[in-house]
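Q: Provided below for reference: sequence and predicted model.
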Amino acid sequence: MSTTALYNDQQGGAEAAVEAGQETTATISSGGAAFGLFSTDFKKNEDLKEMLESNKESLKLEAMKRIVQLISKGKNASDLFPAVVKNVASKNIELKKLVYVYLVRYAEEQQDLALLSISTFQRALKDPNQFIRASALRVLSSIRVPIIVPIMMLAIKEAASDLSPYVRKTSAHAIQKLYSLDADQKEHLIEVIEKLLKDKSTLVAGSVVVAFEEVCPDRIDLIHRNYRKLCNLLVDVEEWGQVVIINMLTRYARTQFTSPWKEDGIFDESEKAFYDSDSEEKQGQREAKPYIMDPDHRLLLRNTKPLLQSRNTAVVMAVAQLYWHLAPKHEVSIVTKSLVRLLRSHREVQYVVLQNIATMSIQRKGMFEPYMKSFYVRSTDATHIKTLKLEILTNLANEANISTILRGFQTYVKSQDKAFAAATIQAIGRCATNISEVTDTCLNGLVLLLSNRDETVVAESVVVIKKLLQTQPTQHCDIIKHMAKLFDNITVPMARASILWLMGEYCERVPKIAPDVLRKMAKTFTSEEDIVKLQTVNLAAKLYLTNSKQTKLLTQYILNLGKYDQNYDIRDRTRFIRQLIVPSEKSGALNKYARRILLASKPAPVLESAFKDRDRFQLGTLSHSLNIKTTGYQELSDWPATAPDPSVRNVEVIEPVQEWAPSLGKAKKPKSDKFYSDDEEDEKEEEGSGSGSEDDSSSSSSSSSSSGGSSEESGSASEEESSGDSEKTSSDSGKSSSGSEVSSSESESKQKKKKLTKKATPRKSKQTAADSDSDENGNGPVGKTSSSSAESSSDSESDSEEDSDSDSPAPQKKTVAKTKPKVEVKSKKEVSLLDLDDFSPAPPSAPKSSVFSSSLLSDLEGLSLSNVSSAMQVTSSSFGPVKTYELLHHMTGKGLSAKYHFPRQPCLYQPSMVAVQVILTNSSDHSLEEIHIGDRSPGSLNVHCFNTVERLEPGASVSVSMGIDFSDSTQAANFQLCTKEDQFSVSIQPAVGELLMPSTMKEPDFCSEQKKLMGMNETSATITMATANTSKQNISKQVLSVANVGVVSSDQNNLQRFSGRTVSSGALVLVTLELRESSTALLTINTEKTVMASMLLRDLKQALSQA
């Protein structure tokens, strides 16, 4: 047994007894277990060794599962290596996989034993199972012994030619391991990398670029011929591969293309024009510019744009830094919404994203001004997050929004977080320096803070006031006098030193007060901090020069005290000052210049952002985050003055290889000679299936299919087509459109819409879906369009409209058929994951219709969002009456009150949970800390608790979200609502209707599902309807107020149908209301949950019978 194993066994002696009971089949006596607490149990793995050496495959498999379980828990299992390695030649595939998992972990530690089995690994490289071949290569590359380098090299070369992309991916990973073991193999490894770079599999692309970056990042000649392929594959590569490829292509583009920023000189002064509604027309009216963007440069920008919708924050950040470093300045703003979306993520992600936004906001305020509210500080934010948000708000401050920002700062100053309050005061100082209109307002506010009870706030205010007064001291003598009066009450050394500096610097403006301050300091000189002593000596020297009559004796006294001080800095300063100001034979000529030295006018300090110089590092890197150059950081090169030869990226393709299947439901169309023209995209949209093109979520599949289509154009063909198309556009419109996007004329866009409408007329379901479509968040109707494809366009179409370097106008066709009037939609509108209501400026509100009008019900009839059976679709609620319930009264909660309601939205934390919104209010006169959820009852209750509210100020309220899995039961969820000092028992009792979620289905589906739920699954009752509830609209309103269900449209006037599913189990709940004579009706509920049915029947009966 190795020393390491022995040490680990001794460390984990207590765990050995537990494992012996839980994970082994042998019975250990209680005495042995007790003994194991104090000494090493050497036989704890003997049963596993016996199982591995048995003849039964099942026992071996069970043993390997337990061993891998031990490894996953961080336990040491290296002593089992000899027993495990014997099974490497097993014929059982499952056993073999587990053995290789073990060997990858311990091959480096047990190199000698691993070498004995090297012939077995070599044989496994020829195994018919791809996973065994890959595992064998992984183990082989994990044996860090120089003697087997030739064997590893041969294995990597063979694996690089393997038919399985998974094995080729593993060979790319092995390249890095071999290079770290033997750097002399670099040339041979570069050959393998060059071969793998030509691979067309998305599985391999990310891994081989990682190997390229590790082994030969300077060999950009290997990338030339693969550049277009990598751009086109990017959207389909796995997420971490995307990050590596994007970073590599960013460095590549900076060496191969000319700067796109030359053309944007005029955009720097008028950034706000980018956000104007008619800015596109202004762009189109400008003269053609000499800069023409390389088609390959545009290809990279266009193919990375869809990745802004990625779920992986690293991918979004990588695309954002790519646009920041490569895109024309007026196009960079498209990343803003994506970066703001990331602020909803974990605080670690927020920290990195906010650092990058802080750097961006210094140079381009216009990007983030529309989203300023996203940077307001929340009470639950950590201090480092608050500080970064404060930094960004300060960067965004201008004359227009400074009043709003300063109102927020006034609140932040009162924060209990001392560091944050101090940072806020510094931010106020920066605003006062940068915006002259508010300088006096800020100074007055800071002076008021001098009377604050908190020493930290007072001290920081003094320091900031000192800096501000240096800009215009003549106007603010009163403030200096006021600070002198407060001097006795201020104890923070830095603040005292700042006041003394001000007294000395402007002693001639306060001739009566300064000597008195010096007199006080002479009394307490010996007990002051060093920084205060130094400023006292300076003050004495300055007063000696300006008012020696009053202060000569005081100065001599202070200089004598400083001469014998314990700190040598103070002693040295004292000797220097004495020789400088007191005339003597030794001082010589220096004494003449004392006044000019000590009372020279000092330049006012410049209050700058801490992120001012961080743009020297590439965004998103560790160096940028730490603000120092880290090991392995590669600087971005400057743009070349003239672009290198673009023909090096041309690849002669005899026959395009199609690796991607076309998107689901789309027929493959012969290619036209246009490069992503609008017409081609329109034709593609028309060929798509009716339901598929309407679904907003199909944007990602459309985007990947467009990327697949564009991959066929890799090589010289794409460049020729794009350049040719660019020339054609330029001749048609008289404008250059490769560098900047030129919007189409109004008449052309109308013709395009008419053409789409004409083609879509026979498809009734598509039109009705467009009329009553709602956005992704279920936020009600979106503006109506002539066809749904204009609204829910795919990413590839919107990309071609926005980012194509040549937006060719649609050919003019004769349209005879008249179309119905349309509501105009902006051509730039893009329905996507990024269109979040709380981030973007509010759109013009659509006219509100009454709840469930007859037209809306008829529109819902044909609504179908996908090819899945509509009976299975679950939607968000259409009607959300907010009923608020009291959770905790402020008397019972000692000032803490809580109310809750059910927002009727899908729970973000778990689909089986019911979303609950809780509003916490502090009704006391003191702040409440650490508000959180404590013990729960019953114990099996599954609750997603809200994050701890660190502090709630008096009179403040905060809204938090919870998720509770009620398991389709109305049993109350009991738990404790805790503060730092107290615990209060509370309970949430759900109404039965809140345990449902609405389900959309057509009438035939409803009837077929109802037939399956007859007999015992049916509950019915005859009820007497209130007179006010006899109309169809009022019935829907009453039913939806009780239960969270969806309306099923029906042609029969006397029949109302509603459908839903239980949140926890997904069981179908069908409600039917049949109106009869004399205000009576038959209410029927069909569901497997009979208890829920009877309770729901009772609630509905009560609601419908009451006026």
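A: Sure thing, it's come through. Numbering: from 1, shown residues only.
Q: ok, and the closest non-adjacent residue to the residue nearest the centre of the chain?
A: Centroid-nearest residue in the chain, with Cα atoms, centre = their mean: L342, separated by 2.1 Å. Leaving aside its sequence neighbours, L342 sits nearest to V353 (Cβ to Cβ, 6 or more residues apart in numbering; 4.7 Å). The C-beta positions use only the backbone N, C-alpha and C, and glycine is treated the same way.
Q: so that neighbour touches R341, yeah?
A: No: if you go by Cβ atoms under 8 Å, V353 and R341 don't touch, sitting 9.5 Å apart.
Q: which one of those two is surrounded by more residues?
A: Comparing V353 with R341 by neighbour count (other Cβ atoms under 10 Å), the higher total belongs to V353, at 23 against 20.
Q: what residues sit buried inside the helix or strand hosting that one?
A: Taking DSSP states H and E as the criterion, V353 maps to helix 347-363. Within helix 347-363, the residues scored as buried using 16 or more other Cβ atoms under 10 Å are 349-350, 352-362.
Q: and for stretch 583-599?
A: Of the residues in stretch 583-599, those buried (16+ other Cβ under 10 Å) are A594, L598, L599.
Q: before we move on, back to that, for L339, see how far away the residue nearest to L342 is.
A: Using Cβ to Cβ, to the nearest Å, V353 is found at 6 Å from L339.
Q: overlap in contacts of these two?
A: Jointly contacting V353 and L339 under the rule Cβ atoms under 8 Å, 6 or more residues apart in numbering are M317.
Q: tell me the contacts of P954?
A: P954 neighbours (Cβ under 8 Å, 6+ apart): N922, S924, D925, H926, S927.
Q: distance from the chain centre to the strand or helix carrying K899, please.
A: Assigning secondary structure by DSSP H and E places K899 in strand 896-901. Its chain's average C-alpha position is 30 Å from that of strand 896-901, according to Cα atoms, centre = their mean, to the nearest Å.
Q: related to what we said a few turns ago, quick one: the buried residues of helix 347-363 as CSV, columns for pLDDT and distance to N942 too.
A: As requested, the buried residues of helix 347-363 are exported to CSV (pLDDT from 0 to 100; distance: Cβ to Cβ, whole Å):
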residue, pLDDT, distance to N942
V349, 93, 26
Q350, 93, 28
V352, 94, 32
V353, 94, 31
L354, 94, 33
Q355, 93, 37
N356, 93, 37
I357, 94, 37
A358, 92, 39
T359, 92, 42
M360, 92, 41
S361, 91, 42
I362, 89, 46
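Q: between those, which is nearest N226?
A: N356 (28.8 Å; Cβ to Cβ).
Q: okay, now E187: neighbour count?
A: Applying other Cβ under 10 Å, we find 8 other residues in the vicinity of E187.
Q: could you measure Y291 against K365, distance?
A: 25 Å.
Q: just give the nearest non-adjacent residue to N434, would you?
A: A397 (6.8 Å).
Q: wait, that neighbour sits on A432?
A: No: if you go by Cβ under 8 Å, A397 and A432 don't touch, sitting 10.2 Å apart.
Q: more neighbours, these two?
A: Taking other Cβ under 10 Å, A397 and A432 do not tie; A432 has more neighbours (26 against 23).
Q: list the buried residues in the helix or strand hosting the more buried one.
A: Under the criterion of DSSP H and E, A432 resides in helix 418-434. The neighbour-count check on helix 418-434 (16+ other Cβ under 10 Å) flags 420-434 as buried.
Q: of these, closest to N942?
A: Distances from N942 to the buried residues of helix 418-434, taken by Cβ to Cβ, are shortest for F420, at 35.6 Å.
Q: find the nearest non-adjacent residue to the closest one, please.
A: Going by Cβ to Cβ, 6+ apart, F420 has K386 as its nearest residue, at 4.8 Å.
Q: that neighbour and V85, how far apart?
A: From K386 to V85 the distance is 55 Å (Cβ to Cβ).
Q: and for A541?
A: 81 Å.
Q: who has more neighbours, those two?
A: More neighbours surround A541 than the other of A541 and V85, with 27 against 21 (other Cβ under 10 Å).
Q: can you confirm that one is in a strand?
A: No: counting by DSSP: H, G, I helix; E, B strand; the rest coil, A541 is not part of a strand but helix.
Q: pLDDT wise, what is it at?
A: Note for A541: predicted pLDDT of 91.
Q: same thing with S1105?
A: 85.
Q: how close does it get to S1059?
A: 23 Å.
Q: and these two? Which one has more around it.
A: Shown here are S1105 and S1059; by other Cβ under 10 Å, S1059 has more neighbours (24 against 15).
Q: looks to me like the more buried one is in a strand.
A: Yes: under three-state DSSP, S1059 sits within a strand.
Q: that'll do, ta.
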